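S.K.: Could you work out the structure for the sequence below:
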Amino acid sequence: MEDFFSHNERLGIPIPVLYQEWDQYSKETQQSILFQWEKIRGRIPDRIADLEEVINTKQAQLSDESDFIRSCQLNSEIAELASIINDLWLWYRANQNISEKLHQ
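M.R.: Have a look, this model is predicted:
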């Protein structure tokens, strides 16, 4: 299955990488890909929760920070983490229909 997924460093999860149209894969390969994706997809909410904890820590640091440069850095880091969370939710929801195919 490593041929069909690539670890995305930014998101912290493997994401699908398909080199041909879905219908060109055998039914067995499709089922294997879908099974693997379902396992990955199931970990996305936990990954989001971990990132939210980091955001909360950075927000607490920000509330006590008096150095302007450091405040800007913390804001930037929080924004990037929020962006990652948004992308993870997109992957989670956009591929929900793929997960439904697994159960057909």
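S.K.: quick one: stretch 74-89 to chain centroid distance?
M.R.: How far stretch 74-89 lies from its chain's middle: 11 Å, per CA atoms, centre = their mean, to the nearest Å.
S.K.: Show me what it is in contact with.
M.R.: 10-13, 44, 47-48, 51-52, 54-55, 58-59, 61-62, 65 (CB atoms under 8 Å, 6 or more residues apart in numbering). For the C-beta atoms, the positions are set from N, CA and C on the backbone; glycine is no exception.
S.K.: Only the buried residues of the helix ranked longest in the chain, if you could.
M.R.: With DSSP state H setting the assignment, residue counts place helix 27-64 as the longest helix in the chain. Buried residues in helix 27-64, defined by neighbour count with 16 or more other CB atoms under 10 Å: 30, 33-34, 36-37, 40-41, 44, 47-48, 51, 55, 58, 62.
S.K.: relative to helix 27-64, how tilted is whatever helix or strand comes next after that helix?
M.R.: Where DSSP states H and E defines the elements, the next helix or strand beyond helix 27-64 is helix 68-94. Counting by axes from the mean of the first three to the mean of the last three CA atoms, to 10 degrees, helix 68-94 lies at 150 degrees to helix 27-64.
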